[in-house]
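1. Fold the stuff below for me.
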Amino acid sequence: MILSEIDTDFGVMRQESRGKSRMEHAIYLVTLVGTALVVAAAFSSLIAFRFGAPLLLLFLCIGLATGTDGLGIEFDNARIAYFAGSLALAVILFDSGFGTPLNALRQAAGPALSLATVGVILTTGLFGAAAYYLLDLSWLESFLLGAAVASTDAAAVFFLLRAGEINLRERVRSTLEVESGTNDPIAIFLTITLVEIIAAHADPEANVLATSLVLGFLVNMGLGAIVGVLGGLGIVRLVDRLNLDHGLLPIFVLTLSLMVFAAAGAIGGSGFLAVYIAGLIAGNSDIRAVTILKRFQDGMSWLAQIIMFLILGLFATPSQFPAILVPAVLLGLFLMFVARPVAVWLCLIPFRLPRPEIAFVSWVGLRGAVSILLAITPLLGGLEHGRIIFNAAFIIVLVSLVIQGWTVGPLARRLGLIVPARLGPLDKVELELPGSAHHELLAYRVAPGSPVARGERIPRWARPSLVLRDGRSMRFQDMGRLAAGDQVYIFVPDRYPRLLDKLFASRAVVDPEDADFFGAFAVDPARSAGELEAAYGPGLTEAEQKLTVGALVTARLGGHVEYADRVLIGPIELIVRDVDDKGRITGLGLSFEPTAPVARVPVFLSAGEIGDRVTAFIRNWRKPSTTHAAEPTQAHPPVEKVDDNA
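-> Down below sits the predicted model:
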C-alpha cells in the first residue's frame, strides 16, 4: 500500500517535471524564433541600403515567409497583432514628433495638415467608390477599406527620405514628413467609427452619418490634442526636475509617452495624435539629455518597425490572396494613379506649389503597416467580410511598396527636386555632460579640406577645450592651427547653431551634372540690387533697386527662402547657396543661363499637366482643318521642298 502511494507520487512528480520541461522548452523555442526573425530583419537592412529596396517590404516578406504558408508558424490572434502593432505605432509616432523641428512644422503646416485631414477624407471617398464596384462589398465596407488605406505610412516615408539619403528640397521633405506623422489619427478614427457602425448593423442616412462623423472627429482630435500638449509639457518638466540616471532616463521618457497615448485613448481621444504632439513638444524644448534620448528612441523606433511588420506578415495568409488578387491590384493602381493624385491636387490648390512638388507629393503616398493594422479592426469587430478587407489592404500595401518604394529616387531626379548636399562627410560625436542641463561636449575630427583645416576660426561662443593629435592631448590654445585628423573637443550650448558642422565638414562631393547648379559666380546678398540693374539690366523697378540682393530674392520668393531656391530675373538667374538658422540668405550664386534641371512631370500626377496636354491636343486638332480651309485661296503655286541633307 505504501509502495503504491510512493509510485503514484513519483508518477505525479514525473508528469509535473515533464510539464515544466515542455514549458521551458516552449519559452526557449519562442525566444529563439523571435530573435532570429529580428536578426534576419536587421540583416535585410544591408540589402535594402545596397540595392535601394524598400526595407519595410523586406520586413513584410520575412513575416510572410515564416508564417502559415511559409515555414509554418501559426499566428492568427488578431487581438495580439492589433495590440502589439498599436504600441509599436505609438513608439514610432513619438519618435517622429521628437525628431521634427519646429521650423519644419511651420514651413509645411498648411499643406501637410490639409493633406492629413481633407486629403484622407477625399482619398477614402474616391477609393471607396472604386472598391464598391471591384469587390463584393457594401458601400460602408468599401469606405471602410478606403479609410484603412487612406493614410501615408510614417515608417515608410521616414525611411525612404531619411535613411535613403535623398537630398530633397526642404519644403517637400517637411510636407511629406509632417503629413505622414499627422494623418494616422484621422484614418484610425474613420476606420474604427465605420467598423462600429457596420458591426451594429446600422443603416444611417447620409446627413446623420456625416454629422456624427464630424462631431466624433472634433471630440476625438480635440481631446487627443489637449492630452498631447499637457503630456508633452509634463514629460519635459519631469525630466528636468527628476535627477534620474542617464541609463534609466530614456526608458522613463518612453514609458511616459505610452502613458500619454493610453490616457488620451482612455478618455475617448486620439492616443496617436496625443503621442505625436507630446513628442513634438518634448523634442523642441530644452529637455535634458536630448542626445541620449534621440539615440535611444531611434533604436526603439527601428525595433518597433521590425516587430510591427513581422507580426503583420505572420498574421497574413498568402494562400487566400489569389481569390481577390486582380481586383486588389487594380485598386492599388487606382489609389496610386487616381485617388491620391486627385486628393493631393485639390488639397494643395490654395498653396500654389509648383507642379513638380505637387507631383512628387502625390507619388510618395506610400502605404505600410498602418494600413494593414487598421485592416485588422474589421476582424476584431466580427464583420462578415473582415478577412476580404484585410487581404485586400495587405495586397494594396505590397503593390505600393513595390512600385512607389522603388521609384521615389528616380522620380525626384526627374522632377528636379534633388539638390546637392550642403555638407560633405562629417565625423562628430555628441557627449552628454553629467550635471549639465543645457550644455554638451562635441568631439569633431578635422576633415581634410574643411574650413577649419584651411584656417577658418572657430566662433567665440564655442569653447574648444582639448585637442588630440598623434596620440598626444594638448590645450587648444597651445596647438596653433588645426590640421586634418585632429580630434577637437568643444564645449557648446545644447542648441548650438549648425555653423560648427559647416566648419568641420569636408567639402560636399558634387555630381558632375550638378557642377553648375549654384551658378558660376558668387553674389554678396548685402550688395545693392541697383548694382544688378546697372550691370545686367534685368528690369527691376525703382523700389526693387533700393533693396539688397538678398532682400530682393526673399521678396520674389514670397518672404520664405530655403536652400537651393532659384529666381529668374530677366537674363540672369539667382540661386540661394545658403541660409542661416533664421532663414536669412547668406550666400547667392548667379548664372546667365538657367541651370535648374528641366522638370518632366508625369501627366497622371498633375492636373495642370493634363490640362496643358488637352489644350495642346485641341489646338493641334483644329490647326489642320484651319490650314485645309485656307488652301483654295493660296495665290502662289506650291513650292517643291528641297532636302538640305541631300
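
2. And stretch 465-485, what's buried?
-> For stretch 465-485, burial by neighbour count (16 or more other CB atoms under 10 Å) applies to 466-468, 476, 479, 482. Any C-beta I mention is one placed from the backbone N, CA and C, and that applies to glycine too.

3. Flag the least confident of these.
-> Within these, M479 has the lowest pLDDT, namely 73.

4. how about low-confidence regions in the stretch 151-300 of the chain?
-> 162-166, 202-206 (pLDDT under 70).

5. residue ranges for the helices of it, please.
-> Residue ranges of the helices in the stretch 151-300 of the chain, as given by DSSP state H, counting those that start in this stretch, are 154-158, 170-182, 184-199, 206-241, 249-266, 271-283, 290-315.

6. most neighbours per residue, which of the ones you listed?
-> Burial of the helices of the stretch 151-300 of the chain is given as mean neighbour count (mean count of other CB atoms under 10 Å); helix 271-283 ranks first at a mean of 28.

7. Format the CA atom coordinates belonging to it as PDB.
-> What follows is helix 271-283, C-alpha atoms only, in PDB (Å, rounded to 0.1, in the frame of the first residue of the first chain):
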ATOM      1  CA  GLY A 271      -3.900  58.400 -28.500                       C
ATOM      2  CA  PHE A 272      -1.900  58.500 -31.700                       C
ATOM      3  CA  LEU A 273      -2.400  62.300 -32.100                       C
ATOM      4  CA  ALA A 274      -1.600  62.800 -28.400                       C
ATOM      5  CA  VAL A 275       1.700  60.800 -28.500                       C
ATOM      6  CA  TYR A 276       2.800  62.600 -31.700                       C
ATOM      7  CA  ILE A 277       2.100  66.100 -30.200                       C
ATOM      8  CA  ALA A 278       3.900  65.100 -27.000                       C
ATOM      9  CA  GLY A 279       6.900  64.100 -28.900                       C
ATOM     10  CA  LEU A 280       6.800  67.300 -30.900                       C
ATOM     11  CA  ILE A 281       6.700  69.400 -27.700                       C
ATOM     12  CA  ALA A 282       9.400  67.400 -26.000                       C
ATOM     13  CA  GLY A 283      11.700  67.300 -28.900                       C
END
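
8. can you map out the strands along the chain?
-> According to DSSP state E, the chain carries its strands in the segments 427-432, 439-445, 463-469, 472-474, 487-493, 521-523, 566-569, 572-579, 585-591.

9. CA-only coordinates of the last one, as CSV, when you get a sec.
-> So that's strand 585-591. Only the C-alpha atoms of strand 585-591 are listed here, as CSV (Å, rounded to 0.1, in the frame of the first residue of the first chain):
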residue,chain,number,x,y,z
ILE,A,585,20.3,84.4,-47.1
THR,A,586,24.0,84.2,-46.5
GLY,A,587,25.2,83.1,-50.0
LEU,A,588,23.9,83.6,-53.5
GLY,A,589,25.0,82.4,-56.9
LEU,A,590,24.5,84.0,-60.3
SER,A,591,24.0,82.3,-63.7
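
10. Same question for it: list its buried residues.
-> 585, 587-591.

11. Pick the one among those residues closest to R387.
-> Set against R387, the nearest of the buried residues of strand 585-591 by CB to CB is I585 (57.0 Å).

12. got the contact list for R445?
-> 427-428, 485-488, 504 (CB atoms under 8 Å, 6 or more residues apart in numbering).

13. what about burial for these, which qualify?
-> Counted by 16+ other CB under 10 Å, those give 486, 488, 504 as buried.

14. Confidence-wise, which of those residues comes last?
-> F504 (78).

15. weakest of the strands of the chain by average pLDDT?
-> strand 427-432 (a mean of 67).

16. could you measure G480 against D578, distance?
-> For G480, the distance to D578 (CB to CB, to the nearest Å) stands at 29 Å.

17. I372 too?
-> Counting by CB to CB, the gap from I372 to D578 is 42 Å.

18. So those two - more neighbours on which side?
-> I372 (28 against 16; other CB atoms under 10 Å).

19. The more buried one touches A392, doesn't it?
-> No - when contacts are counted by CB atoms under 8 Å, I372 is not listed as touching A392 (10.7 Å).

20. number of nearby residues for A112?
-> If we define neighbours as other CB under 10 Å, then A112 has 25 of them.

21. swap in I80?
-> 12.

22. for stretch 318-333, how far is the first residue from the last?
-> 20 Å (CA to CA, to the nearest Å).

23. buried residues in it?
-> 318, 320-321, 324, 327-328, 330-332.

24. Likewise for stretch 395-405?
-> So, applying 16+ other CB under 10 Å, buried residues of stretch 395-405: 395-401, 403-405.

25. Going by distance to G228, which of those residues wins?
-> So of those, ranked by how close each gets to G228 (CB to CB), first place is V397, at 27.3 Å.

26. Now the closest one: closest residue in space, sequence neighbours ignored.
-> R367 (4.7 Å; CB to CB, 6 or more residues apart in numbering).

27. Would you check that that neighbour makes contact with I396?
-> Yes - counting by CB under 8 Å, R367 does reach I396; the two are 6.1 Å apart.

28. Any chance you could list residues touching both of these two?
-> Each of 149, 335 lies in contact with both R367 and I396 under the rule CB under 8 Å, 6+ apart.
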